[in-house]
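Chemist: dropping the sequence and predicted coords here.
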Amino acid sequence: MTLQALVWDVDGTLAETEDCGHLVAFNRAFEELGLSWRWDAVLYGELLRVTGGKERLLAWWRRVDPQSAATPAAAATVRRLHELKTAHYLALLDSGAIALRPGVQRLLEEAVAQGLRLAIATTTTLDNVTRLLEVSLGAAGAGLFELIGAGDVVPHKKPAPDIYHWVLQRLALPADACLAIEDSAAGARAAQSAGLPVIVTRSRYTAGEDVGAVLADLDGLG
């Protein structure tokens, strides 16, 4: 089957968003809501095993205070925390604190020049994705991608294959006509479970992960 589309992950793949972006934003959200929680880089690396920001928050809450996490009000608190965290993250993007990883823009431009279709399959929110693309690539950045599968558009996040099935259905392409570009074991499993071949470009937080048998296991795209 001829390659027709590249399907990109975002966090850690398009950009090193976690340590200088999401981690900072989570801690600012905790402070804004008056919580004593503080995540350092090591703890955050552990928490990244839980995909999805709201899911990560709830997993942490259940760990440190399971009784409070089980109350009816917990879901609303998690939603509010995530809203605050997203606002702080977008502000960090606007400040220029986060940039595309080396080689990403070149590969995107070369793919478009070769007539390949571009799509995104991520667990992060749509606002996070579009702002990153606009800040990094200009106002037309998001327009490079024919399709953006993001956030809660599917019920189960990576390593479940749901987001890749969602993208494939809307691209109307078979899995073997697409190439997934991921940075983590969870992302690689999600893509492979949907039938896509995978290239892994390891990020700071995934350098030691076992990504299994992938098409290529790289330390970057530069």
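Modeler: That came through fine. Residues are numbered from 1 along each chain as shown.
Chemist: okay, residue 151: pLDDT?
Modeler: Reading off the per-residue confidence, residue 151 sits at a pLDDT of 88.
Chemist: let's verify it: helix, strand, or coil?
Modeler: coil (DSSP: H, G, I helix; E, B strand; the rest coil).
Chemist: could you pull up the contacting residues of it?
Modeler: Residues near residue 151 by Cβ atoms under 8 Å, 6 or more residues apart in numbering: 122-126. No exception for glycine: its C-beta is placed from N, CA and C like everyone else's.
Chemist: how about residue 68?
Modeler: With contacts taken as Cβ under 8 Å, 6+ apart, residue 68 has the following neighbours: 61, 74.
Chemist: go ahead and confirm residue 142 touches residue 136.
Modeler: No: with contact defined as Cβ atoms under 8 Å, residue 142 does not count as touching residue 136 (10.3 Å).
Chemist: now do the contacts for residue 209.
Modeler: When contacts are counted by Cβ under 8 Å, 6+ apart, residue 209 is found next to 184-185, 202.
Chemist: out of those residues, which is most surrounded?
Modeler: residue 184 (24 neighbours; other Cβ atoms under 10 Å).
Chemist: that one against residue 211, yeah?
Modeler: Yes: with contact defined as Cβ under 8 Å, residue 184 and residue 211 form a contacting pair (7.3 Å).
Chemist: which neighbours do those two share?
Modeler: Contact with both residue 184 and residue 211 is made by residues residue 200, according to Cβ under 8 Å, 6+ apart.
Chemist: centroid-wise, who is the farthest residue in the chain?
Modeler: When each C-alpha in the chain is compared with the mean C-alpha position (Cα atoms, centre = their mean), residue 67 comes out farthest, at 29.7 Å.
Chemist: and that one, how close does it get to residue 15?
Modeler: With the distance defined as Cβ to Cβ, to the nearest Å, residue 67 ends up 38 Å from residue 15.
Chemist: what's around residue 22, how many residues?
Modeler: Other residues near residue 22 number 25, with proximity taken as other Cβ under 10 Å.
Chemist: excluding chain neighbours, give the residue nearest to it in space.
Modeler: Nearest-residue entry for residue 22: residue 89, 6.1 Å, with adjacent residues in sequence omitted and distances by Cβ to Cβ, 6 or more residues apart in numbering.
Chemist: next one: the one you found from residue 23, what distance?
Modeler: For residue 89, the distance to residue 23 under the criterion Cβ to Cβ works out to 10 Å.
Chemist: same check on residue 34?
Modeler: Taking Cβ to Cβ as the measure, residue 34 and residue 23 are separated by 19 Å.
Chemist: so these two - more neighbours on which side?
Modeler: Taking neighbours as other Cβ under 10 Å, residue 34 and residue 23 compare with residue 23 leading, 22 against 6.
Chemist: please identify the helix or strand for the more buried one.
Modeler: Counting by DSSP states H and E, the element that carries residue 23 is helix 23-32.
Chemist: in terms of secondary structure, what does the following helix or strand past that helix contact?
Modeler: Note on helix 23-32: by DSSP H and E, the next helix or strand toward the C-terminus is helix 41-47. Using 3 or more Cβ pairs under 8 Å, 6 or more residues apart in numbering; DSSP states H and E as the contact definition, the elements that helix 41-47 packs against are helix 23-32, helix 53-64.
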